[in-house]
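J.: Model the structure of this input:
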Amino acid sequence: MDTAEVETLIESGIEDATATVPRARGEHDDDHLAAVVVSPAFEGKTLVAQHDMVYDALDEHMTTDIHALELTTYTPAEYEEHEG
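T.: Prediction:
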């Protein structure tokens, strides 16, 4: 699955989300991905709930096209603090 398509699915499925899915490298680069997702919708949610939101946005692609997804999720304030 193309990384741009993964970004679009996440951004379409989570309100005001920005997703970055860099090109994977390695032996499983077609179905092992990493994503950084920033959204105000994560505010007040547990890490598990945030990740569930991403999995829900990806729907059946998590079982058919994506074998593994390493997730990092932030609220906008957390992301600014982390990147700042």
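J.: Could you check the pLDDT of the closest residue to residue 56 other than its chain neighbours?
T.: Spatially, and ignoring its direct neighbours in sequence, residue 56 is nearest to residue 13 (6.6 Å; Cβ to Cβ, 6 or more residues apart in numbering). To be clear about C-beta, it is placed using only N, CA and C from the backbone, and glycine gets the same treatment. You'll see residue 13 listed with a pLDDT of 98.
J.: can I assume residue 13 is in contact with residue 55?
T.: No: counting by Cβ atoms under 8 Å, residue 55 is not a contact partner of residue 13; they are 9.7 Å apart.
J.: picking up where we left off before, contacting residues for the residue nearest to residue 56?
T.: For residue 13, the contacting residues are 53, 54, 56, 57, 58, 59, by Cβ atoms under 8 Å, 6 or more residues apart in numbering.
J.: how near is the first one to residue 9?
T.: Counting by Cβ to Cβ, to the nearest Å, the gap between residue 53 and residue 9 amounts to 12 Å.
J.: Which parts of this structure are strands?
T.: For the chain, strands defined by DSSP state E occupy the ranges 18-20, 32-38, 68-74.
J.: then the least confident helix or strand in the chain by mean pLDDT to CSV, C-alphas only?
T.: Counting by mean pLDDT, DSSP states H and E, the chain has its least confident helix or strand at helix 61-64, which shows a mean of 89. C-alpha atoms of helix 61-64 as CSV (Å, rounded to 0.1, in the frame of the first residue of the first chain):
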residue,chain,number,x,y,z
HIS,A,61,-6.5,-2.2,5.3
MET,A,62,-5.0,-3.2,8.7
THR,A,63,-5.7,-6.8,8.0
THR,A,64,-5.3,-6.9,4.2
